[in-house]
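Asker: Test case, fold it:
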Amino acid sequence: MKNIKIVVEKHPDTYVAYPLGLKGIVVGQGDSYESALDDITSAIQFHLETFGSEAFEIDPPIIEAFIAEAGIAV
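Answerer: Numbers count the residues shown, from 1 in each chain. Predicted coordinates for the structure are as follows:
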């Protein structure tokens, strides 16, 4: 068992989830936080079954993930 950090975004009409530290693009979605998390877990499992353990980006490992906000002049 390996723990993978997952970002879950809340949008007006859905939740979108994606993992950190995997090679390739893996995205899940759902009507709730839990359903998006279930969907991305299933998508990650499929991704790993398809591409094998090489799909993990080991160097450098992600220790923590932060979300920040910055003001940008437009």
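Asker: all contacts plus neighbour counts: C-alpha atoms, from now on.
Answerer: Fine.
Asker: Doesn't Ser42 belong to a helix?
Answerer: Yes: the assignment for Ser42 is a helix, going by DSSP: H, G, I helix; E, B strand; the rest coil.
Asker: Check what pLDDT it gets.
Answerer: On pLDDT, Ser42 comes in at 97.
Asker: And for it, the neighbour number?
Answerer: Residue crowding around Ser42 was assessed by other C-alpha atoms under 10 Å; the count is 12.
Asker: list the buried ones in stretch 23-33?
Answerer: 26-30, 33 (16 or more other C-alpha atoms under 10 Å).
Asker: before we move on, what about stretch 48-62?
Answerer: Neighbour counts over stretch 48-62 (16+ other C-alpha under 10 Å) mark 55-56 as buried.
Asker: For it, list the C-alpha coordinates in CSV.
Answerer: Taking Å, rounded to 0.1, in the frame of the first residue of the first chain, the C-alpha atoms of stretch 48-62 are listed here in CSV:
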residue,chain,number,x,y,z
LEU,A,48,-0.8,1.9,-12.2
GLU,A,49,-2.2,-1.4,-13.6
THR,A,50,-1.6,0.0,-17.1
PHE,A,51,1.8,1.7,-16.7
GLY,A,52,3.2,-0.2,-13.7
SER,A,53,5.3,1.2,-10.8
GLU,A,54,7.2,3.3,-13.3
ALA,A,55,4.3,5.7,-13.1
PHE,A,56,5.5,6.9,-9.7
GLU,A,57,7.7,10.0,-9.8
ILE,A,58,10.1,9.1,-7.1
ASP,A,59,12.7,11.9,-7.4
PRO,A,60,12.0,14.2,-5.7
PRO,A,61,9.2,12.9,-3.5
ILE,A,62,6.5,15.3,-2.5
